[in-house]
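> Here is my input; please provide its structure:
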Amino acid sequence: MYAFIWRKLPFGLAGKLTGSLLLAAATVALLWYVAFPWAEPLLPFDDVQVTQDSDVPGAPGGGDTVPGDAPAGDEHELPYDTDQNNSAPPSPNR
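Prediction:
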């Protein structure tokens, strides 16, 4: 298909390159302004549901906790020390 289009474009190499760029730009514009806006409502990218329901198990302030969840107040506690570097210094030959 591309070879057919390349053969049909007029005006030698410069015309073929210019025509190819114009065809590519027209294709991008058609997708950007026609196809993508048409398909956007059909795609689930904006289907986000954020709730503050306290009856949901495992939710902040909710009833039950999910197994494996950290206890309240320990969400940001790291299992290692971040104040000092405990690793050995690099060797001089590396």
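
> For residue 47, give me the pLDDT.
pLDDT for residue 47: 69.

> go on, residue 13?
For residue 13, pLDDT reads 92.

> tell me which element it is part of?
Using DSSP states H and E, residue 13 maps to helix 12-30.

> next structured bit after that helix?
Following helix 12-30 toward the C-terminus (DSSP H and E): helix 36-39.

> Just the CA coordinates for that next one, please, in PDB.
Coordinates of each C-alpha in helix 36-39 appear next as PDB, following Å, rounded to 0.1, in the frame of the first residue of the first chain:
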ATOM      1  CA  PHE A  36     -10.400  10.000  19.100                       C
ATOM      2  CA  PRO A  37     -13.200  12.300  20.200                       C
ATOM      3  CA  TRP A  38     -15.700   9.800  18.800                       C
ATOM      4  CA  ALA A  39     -14.000   6.900  20.700                       C
END
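
> dump the residue contacts of residue 19.
9, 10, 11 (C-beta atoms under 8 Å, 6 or more residues apart in numbering). From N, CA and C alone the C-beta is placed, and that goes for glycine too.
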